[in-house]
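Build me a model:
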Amino acid sequence: MAEAAENPEDFIEPPAAQGSHGLHETPVGPQSKKRNAFAELMAPKPKAAKHHQTKNSGGKPAKGKWSGALLEYIDHPNRFPEQVIRVTDKTVLIRDGFPKATVHLLLLPRSPAHYDLHPHEAFQDKDFLAMMRDEAASAARLAAAELERKLSGFSASSKARNEAMDKGIPFDDLPKGRDYLPEIRIGVHAHPSMDHLHVHIISRDMHSDKVKHRKHYNSFNTPFFIPLDAYPLAEDDELRSTSFQNANLSKGFVCWRCGKEFGNKFAELKRHLETEFEDWKKE
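Predicted coordinates for the structure are as follows:
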């Protein structure tokens, strides 16, 4: 399948420019001063000592093709302490440098036998797919916890829980708050912009100043965004079709939350998304 041409700002920022858009930024709202285990995990790690760094360490890009920038995170995750959240022997979890929502992570497999493959091909391997689903589910729980940390202070569903926390009620005795896990989506793009396989772990809100044009929005809000659970795809699955997926990118805008149609009016959509975000975070 031919890949759609992408702008370097479409999905992830190269290592050189990162550092100010990650999950460790100061959260908004009444919960902003609180810390917890998830916040500690999401926070940027201390920078590596100089004798461990190389010319391309500390967030500086490797030379070469921009679309191959993800390999640096896979091979040398220790060089990017501000972007990398978690490293296992199987995957690396990083912050997307151009986040398209309140929480936006990328899960990168470390297997050379798979990471150069298109998702349609890589996920034909059922063992590999099962591993990635497990790792993605774990990453989604982290993303949901981060979304809760950032937004629960606004949520009517979490009011009683937040008040109990403020009173020092033991964690196991806290009332239930809003469940943020259903707000996290896991999937891939039909035509990935980067050379190396990556799975998006993203909150559904699309609230970001990095959503700048049609492709940014439609790539996550049409069938161009393929849920990981949809794999493996049948050979005749429409999701494999280049013409079908290119048509998805050029569709008129539809609000992710209420379904209102905006045609080609991107500026009007963006204003509407602000209103929807304010209502959504208060649920």
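
how about the helices in the stretch 1-150 of the chain?
Under the criterion DSSP state H, counting those that start in this stretch, the stretch 1-150 of the chain carries helices at the ranges 37-42, 70-75, 112-115, 119-122, 126-151.

Tabulate those helices (JSON lines), appending mean neighbour count.
All C-beta spots, glycine's among them, are computed from the backbone N, C-alpha and C. JSON lines is the format used below for these (neighbours: other CB atoms under 10 Å):
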{"stretch": "helix 37-42", "mean neighbour count": "14"}
{"stretch": "helix 70-75", "mean neighbour count": "20"}
{"stretch": "helix 112-115", "mean neighbour count": "14"}
{"stretch": "helix 119-122", "mean neighbour count": "19"}
{"stretch": "helix 126-151", "mean neighbour count": "19"}
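
how about those, which one is nearest F225?
F225 sits nearest to helix 119-122 of all the helices of the stretch 1-150 of the chain, at 11.4 Å, using CB to CB.

average pLDDT across the closest one?
Over the span of helix 119-122, the pLDDT mean works out to 98.

before we move on, what about stretch 267-283?
What stretch 267-283 shows for mean pLDDT is 98.

Show residues contacting that stretch.
151, 154-157, 178, 205-207, 211, 217, 253, 255-258, 260, 262 (CB atoms under 8 Å, 6 or more residues apart in numbering).

Now, the residues you listed that are in helices?
Counted as lying in helices by DSSP state H, out of the contacts of stretch 267-283, are L151, Y217.

now the contacts of stretch 267-283: which count as buried?
151, 154-155, 178, 205-207, 211, 217, 253, 255-257, 262 (16 or more other CB atoms under 10 Å).

would a markdown table of these with distance to A143 be doable?
Output for those, formatted as a markdown table (distance: CB to CB, whole Å):
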| residue | distance to A143 |
| --- | --- |
| L151 | 12 |
| F154 | 18 |
| S155 | 16 |
| R178 | 14 |
| D205 | 12 |
| M206 | 15 |
| H207 | 14 |
| V211 | 18 |
| Y217 | 20 |
| F253 | 25 |
| C255 | 22 |
| W256 | 17 |
| R257 | 18 |
| F262 | 27 |
